[in-house]
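A.B. asks: When you get a sec, could you give me coordinates for this:
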Amino acid sequence: QHVLPLLVAGGLAMSAAAGSAEKGANMIENGRFEHWRQSLPAGWSLLADRAEIQPRLAHVPDSHGGHWAALAALPTGLSMGWLTQRVDTSGLKGKWLRFSCLLRVSGDQDPRFNARISLDWQRGPEVKGWMPTWEFAYVSQRVAADTYRVEHVAQVPAWSAGLTVLL
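C.D. replies: From the prediction side, this is the model:
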């Protein structure tokens, strides 16, 4: 049985937003998925709650010289997992960051349900009590029949010790 990819993401960037001295510097390592080691994009991890539901991951070059990371469901359809990378936010407390990427879904998949992109702020050990740490990046524009742009602007919380990007 052939299972179509649920998410193909490429060209990830996170940089300081307008008005910041760091504007333009990509904070995401290997955000274009050009470099791969041992079936993983360099600088990234593939995580799942259980090994038996971890999606398949593949490197997919395109005809324009770009590179994509493709996450595909298992033949059972019972897949759930994340391609993740931790980003250092030290020295950026209070500054604004812009996250952007392109994603593709195949077939009749809906990016709102099949391609969630989350930003998980990490708390320092000095922070006590519960607080929400997740922000979701949503589709901002359809750029082709199966390709979408995702953008999100967020302010680095004063209590942030880092940020994990989850695709």
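A.B. asks: how about the strands in the protein?
C.D. replies: Along the chain, the stretches classed as strands by DSSP state E are 5-16, 36-37, 40-41, 45-47, 56-61, 67-72, 82-87, 96-104, 117-123, 134-144, 147-155, 160-166.
A.B. asks: low-scoring stretches of this protein, by residue?
C.D. replies: Residues of the chain that meet the criterion pLDDT under 70 lie in 1-14, 16-24.
A.B. asks: circling back to that earlier point, quick one, which of the strands of the chain gets closest to residue 30.
C.D. replies: Among the strands of the chain, strand 40-41 comes nearest to residue 30, with 5.4 Å by Cβ to Cβ. All C-beta spots, glycine's among them, are computed from the backbone N, C-alpha and C.
A.B. asks: Distance from the chain centre to that closest one, please.
C.D. replies: 13 Å (Cα atoms, centre = their mean, to the nearest Å).
A.B. asks: next one: stretch 70-89
C.D. replies: So, by Cα atoms, centre = their mean, the centroid of stretch 70-89 is 9 Å from its chain's centroid.
A.B. asks: if we can go back for a sec, let's have the strands of the chain in a markdown table, adding mean neighbour count and distance to residue 30.
C.D. replies: Compiled in a markdown table, the strands of the chain are given as follows (neighbours: other Cβ atoms under 10 Å; distance: least, Cβ to Cβ, whole Å):
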| stretch | mean neighbour count | distance to residue 30 |
| --- | --- | --- |
| strand 5-16 | 21 | 9 |
| strand 36-37 | 13 | 9 |
| strand 40-41 | 20 | 5 |
| strand 45-47 | 14 | 12 |
| strand 56-61 | 15 | 11 |
| strand 67-72 | 20 | 9 |
| strand 82-87 | 18 | 8 |
| strand 96-104 | 20 | 13 |
| strand 117-123 | 18 | 17 |
| strand 134-144 | 13 | 18 |
| strand 147-155 | 16 | 18 |
| strand 160-166 | 19 | 12 |
